[in-house]
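Novice: After the sequence you'll find the predicted model.
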Amino acid sequence: MESSFGIASFRSRTQVLRLEDALRRAGLNAGVISTPRGVAMGCGLSVRFDLNQTPQVMSVYRRLNPGALIGFYRVDHFGTRNMQLTPLTPRG
């Protein structure tokens, strides 16, 4: 498993599933994972995506405008004691 990836965390499971579906339809690699503990609020699920696809993910998000977003994060060392979350700033 890769040690770094991006997530989009939402307050609503419906929005998680909407974004994941939109990303897949756009030909991007996306999936649903349990939200890391560092993101304290939310529905418990997040959309996982490849960091190298961040600009495309942000573009799809802006077009979809699903609402209920908590934030976009870079996740490093998921599932280890050294896991780190870093907010990603949407661009453009």
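Specialist: Now that the structure is in, tell me what you want to look at.
Novice: Could you look up the SS state of the residue lying farthest from the centre of the chain?
Specialist: Distance to the chain centre peaks in the chain at residue 81, reaching 20.5 Å (criterion: C-alpha atoms, centre = their mean). Counting by DSSP: H, G, I helix; E, B strand; the rest coil, the backbone at residue 81 sits in coil.
Novice: Could you list the residues in contact with stretch 9-17?
Specialist: Residues outside stretch 9-17 that contact it (C-beta atoms under 8 Å, 6 or more residues apart in numbering): 8, 19, 32, 35, 39, 41-47, 66-73. (Each C-beta comes from the backbone N, C-alpha and C, glycine too.)
Novice: of those residues, buried ones?
Specialist: Among those, the ones that count as buried by 16 or more other C-beta atoms under 10 Å are 8, 19, 35, 39, 42-43, 45-47, 66, 69-73.
Novice: quick check, nearest of those to residue 89?
Specialist: Taking C-beta to C-beta as the measure, residue 89 sits nearest to residue 72 out of the buried ones among the contacts of stretch 9-17, at 7.9 Å.
Novice: State whether the closest one is indeed within a helix.
Specialist: No - assigned with three-state DSSP, residue 72 falls outside any helix and is strand.
Novice: Cool, thanks, talk later.
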